[in-house]
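>>> sequence and predicted structure, then a few things I'm wondering about:
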Amino acid sequence: MSIERERIITICCSDIAGQVRGKGFPARDLESRRQFGVGWTPTNVMINCFGKIPATPFGPQGDLMLVPSRDGEIILDYGDGSPIEQLILGDILTMAGLSWDCCLRNFLCSALDDLQSETGLRLIASFEHEFWIDAIEDRPADAYTANKMLMALATADPAFRALGCMGVGAISEFGQGDAEISTMGRSSAMVLDAALERAVRTAKARREIGREVDEKGAIHFIQSTMLGLKVSAKAGLDTAAMRQIVDFAMEALKRR
């Protein structure tokens, strides 16, 4: 006797911890759920990325509704006989049907409305992209060390390396002659300096580099090495040679 699968729909919301949470219900109840959604509680917004609930002003009290948006439906049919996944983004409302003060989706919608009313601009789509580098030997807790940062440049896909970057292109060409590019360059340099400072300290702790190495000098050396790698990549230097440069640079820092 075969058992008929019941399709489940999940109403979701993205919380402050950057995680998507929600509740499911039978697909046959969709129309009634469009009005009343599923039960939600204010304290849910306090759940952090570790799944813990710190001190909350809401306590166990209060009731809210997570109501599906009319234009937030996502259907994933893998075509392999597995259950179809149906997700609907939802808004957190009070029992009176008003937007809850801490609903992040309402924050975003309000910001987009302000953007359009003040500038006439309308957001069509947005996206976030991430890159996964799988050509480097994996070592636990090695994500942000100096060696890893340099090897990320050396072992990137040649086609990707050939694209160059703003530092190799615009900044090298215009230098300080263009105010906008100069400002962008200084801003990115501040971010890179902070990342390299952490990387150098981590490298010292892991004894990747000598403990007597001057941190500021090491940062400038690594920056110059990174720039050299980018220029070399743009010129078509192969991966093996790029790795040799990184190994030589790290060995130089280690001997200090």
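Looks like it came in fine.
>>> please make it C-alpha for all contacts and neighbour counts, starting now.
OK.
>>> contact partners of stretch 209-218?
197, 200-201, 203-205, 250-251, 253-256 (C-alpha atoms under 8 Å, 6 or more residues apart in numbering).
>>> let's see 6 Å
Stretch 209-218 is contacted by residues 203-204, 253-254, 256 when judged by C-alpha atoms under 6 Å, 6 or more residues apart in numbering.
>>> same deal with stretch 48-62?
Contacts of stretch 48-62 (C-alpha under 6 Å, 6+ apart): 17, 43, 46-47.
>>> at 10 Å instead, please
15-19, 40-47, 94-95 (C-alpha atoms under 10 Å, 6 or more residues apart in numbering).
>>> ok, of those residues, which one's closest to residue 83?
Nearest to residue 83 among these, counting by C-alpha to C-alpha, is residue 19 at 22.9 Å.
>>> residues near the nearest residue to that closest one once chain neighbours are set aside, how many?
The shortest distance from residue 19 to any non-neighbouring residue, by C-alpha to C-alpha, 6 or more residues apart in numbering, is to residue 49 (7.2 Å). Around residue 49 there are 12 other residues, counting by other C-alpha atoms under 10 Å.
>>> what's the answer for the one 4 residues further on, then?
Neighbour count of residue 53, defined by other C-alpha under 10 Å: 13.
>>> secondary structure class for it?
coil (DSSP: H, G, I helix; E, B strand; the rest coil).
>>> and residue 125, by the same measure?
Under three-state DSSP, residue 125 comes out as coil.
>>> could you dump the contacts of stretch 209-218 to JSON lines with distance to residue 34?
JSON lines is the format used below for the contacts of stretch 209-218 (distance: C-alpha to C-alpha, whole Å):
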{"residue": "203", "distance to residue 34": "54"}
{"residue": "204", "distance to residue 34": "57"}
{"residue": "253", "distance to residue 34": "62"}
{"residue": "254", "distance to residue 34": "63"}
{"residue": "256", "distance to residue 34": "66"}
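>>> now list the buried members of these.
Among the contacts of stretch 209-218, the ones that count as buried by 16 or more other C-alpha atoms under 10 Å are 203-204, 253-254.
>>> so residue 91 sits against residue 67, correct?
Yes - between residue 91 and residue 67 there is a contact under C-alpha atoms under 10 Å: 5.3 Å.
>>> intersection of neighbour lists for those two?
Contact criterion C-alpha under 10 Å, 6+ apart; residues shared by residue 91 and residue 67: 11-13, 37.
>>> so who does the residue nearest to residue 67 when sequence neighbours are not counted touch?
Nearest residue to residue 67, sequence neighbours excluded (C-alpha to C-alpha, 6+ apart): residue 37, at 4.0 Å. Applying C-alpha under 10 Å, 6+ apart to residue 37 gives the contacts 11, 23, 25, 29-31, 64-69, 90-93.
>>> mind listing which of those are in strands?
11, 23, 25, 64-69, 90-93 (DSSP state E).
>>> take the residues you listed and write them to JSON lines, including neighbour count, distance to residue 211 and pLDDT.
Below are the ones in strands among the contacts of residue 37 laid out as JSON lines (neighbours: other C-alpha atoms under 10 Å; distance: C-alpha to C-alpha, whole Å; pLDDT from 0 to 100):
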{"residue": "11", "neighbour count": "26", "distance to residue 211": "53", "pLDDT": "93"}
{"residue": "23", "neighbour count": "16", "distance to residue 211": "52", "pLDDT": "91"}
{"residue": "25", "neighbour count": "16", "distance to residue 211": "58", "pLDDT": "91"}
{"residue": "64", "neighbour count": "21", "distance to residue 211": "56", "pLDDT": "93"}
{"residue": "65", "neighbour count": "25", "distance to residue 211": "56", "pLDDT": "93"}
{"residue": "66", "neighbour count": "26", "distance to residue 211": "54", "pLDDT": "94"}
{"residue": "67", "neighbour count": "24", "distance to residue 211": "57", "pLDDT": "93"}
{"residue": "68", "neighbour count": "25", "distance to residue 211": "56", "pLDDT": "92"}
{"residue": "69", "neighbour count": "16", "distance to residue 211": "56", "pLDDT": "88"}
{"residue": "90", "neighbour count": "27", "distance to residue 211": "53", "pLDDT": "92"}
{"residue": "91", "neighbour count": "24", "distance to residue 211": "53", "pLDDT": "93"}
{"residue": "92", "neighbour count": "28", "distance to residue 211": "53", "pLDDT": "94"}
{"residue": "93", "neighbour count": "23", "distance to residue 211": "56", "pLDDT": "93"}
